[in-house]
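Engineer: pasting the sequence and the predicted model now:
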Amino acid sequence: MYIMYIDPTLHKEVFGWRSPNLGLEMPIVRYGHYGRALLLFPTAQSDLYDAERFYLIKALEHHMQNGKLSIFAINTINDLSWMNRDIGPKEKARRQSLYAKYVEEEVVPHIRRAVGDPTARIGVTGASFGAYHAANSFFRRPDLFDTLIAMSGFYELWPSWLHGYTDDNVYFNNPMWYVRNLHDARTRDLISRSQIHILTGQGEWEHPQQSKDFSKALWDSGIWNNLDLWGHDMPHDWPTWRKMLNHYVGERLGW
């Protein structure tokens, strides 16, 4: 049985290329044809279509139909990096570093070409593991991103993902560590002209303390951020993220 996840009139196009950084075919799907660009990371080991399959795209459809935003969704390589049990943390971190470069050197230029603005700073979002990638992308390169909406995420790789190992690839992909040392004047200026929203539910399967800890680390570093704790009836699940992102796009971001 064919299931229709989005309005068939919503503009949707699939593009892709073989990534020089990753050596993998990496597709990208765009929803909407106009408005602010929002890069969306999938959860855990899922793919670029999980937001569509779980009706997150549907929840934002009216914003895209009205020309408020255009969503670009990509794959992760979590199954080849952090969630690959056959390799150690050194190799996991190396692959994560390559993935970050793929986002910065390939995905962002593609989005800028697609929206016709070679200097556009882009919004970035994701839920759960996607929130980690969204935050890592934003804080690594605030010259590329100007809005972060991180939902129900974690921001500290230590100790669960590293098992005692660390190196430069770990450090520069562990937001909880490097945000404490973002002292460069241009970086601070870019961040000061950005929006940082850290959202989490407090219901079943959620771990709100991870968001609280990251928000505190940012405040301790003098970085403004909005920590938004949703109710104890909001679980770590798609219905929560559909409400969160629809609310922020519609009411909070000013797009």
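Structural biologist: Sure thing, it's come through.

Engineer: so which helix or strand takes in the spatially most central residue of the chain?
Structural biologist: In the chain, the centroid-proximal residue (Cα atoms, centre = their mean) is A134; its distance is 2.4 Å. Taking DSSP states H and E as the definition, A134 sits inside helix 129-140.

Engineer: outside of that helix, which residues touch it?
Structural biologist: 39-44, 76, 78, 82, 100, 103-104, 124-126, 144-145, 148-155, 172-173, 175, 178-179, 182, 191, 194, 196, 214 (Cβ atoms under 8 Å, 6 or more residues apart in numbering). Placement of C-beta: from N, CA and C, glycine included.

Engineer: cool, and stretch 204-221?
Structural biologist: 135, 150, 152-156, 175-176, 179-180, 182, 196, 198-202, 224-225, 227, 229, 234-237.

Engineer: show me where the stretch 1-150 of the chain has its helices.
Structural biologist: For the stretch 1-150 of the chain, the helices defined by DSSP state H, counting those that start in this stretch cover 50-53, 56-65, 89-102, 108-115, 129-140.

Engineer: what distance separates the first one from the centre of its chain?
Structural biologist: Taking Cα atoms, centre = their mean, to the nearest Å, one finds helix 50-53 lying 15 Å from the centre of the chain it belongs to.

Engineer: for the last one, same thing?
Structural biologist: Remark: helix 129-140 is offset 5 Å from the chain centroid, using Cα atoms, centre = their mean.

Engineer: return the most buried member of the helices of the stretch 1-150 of the chain.
Structural biologist: Most buried of these by mean neighbour count (mean count of other Cβ atoms under 10 Å) is helix 129-140; its value is a mean of 26.
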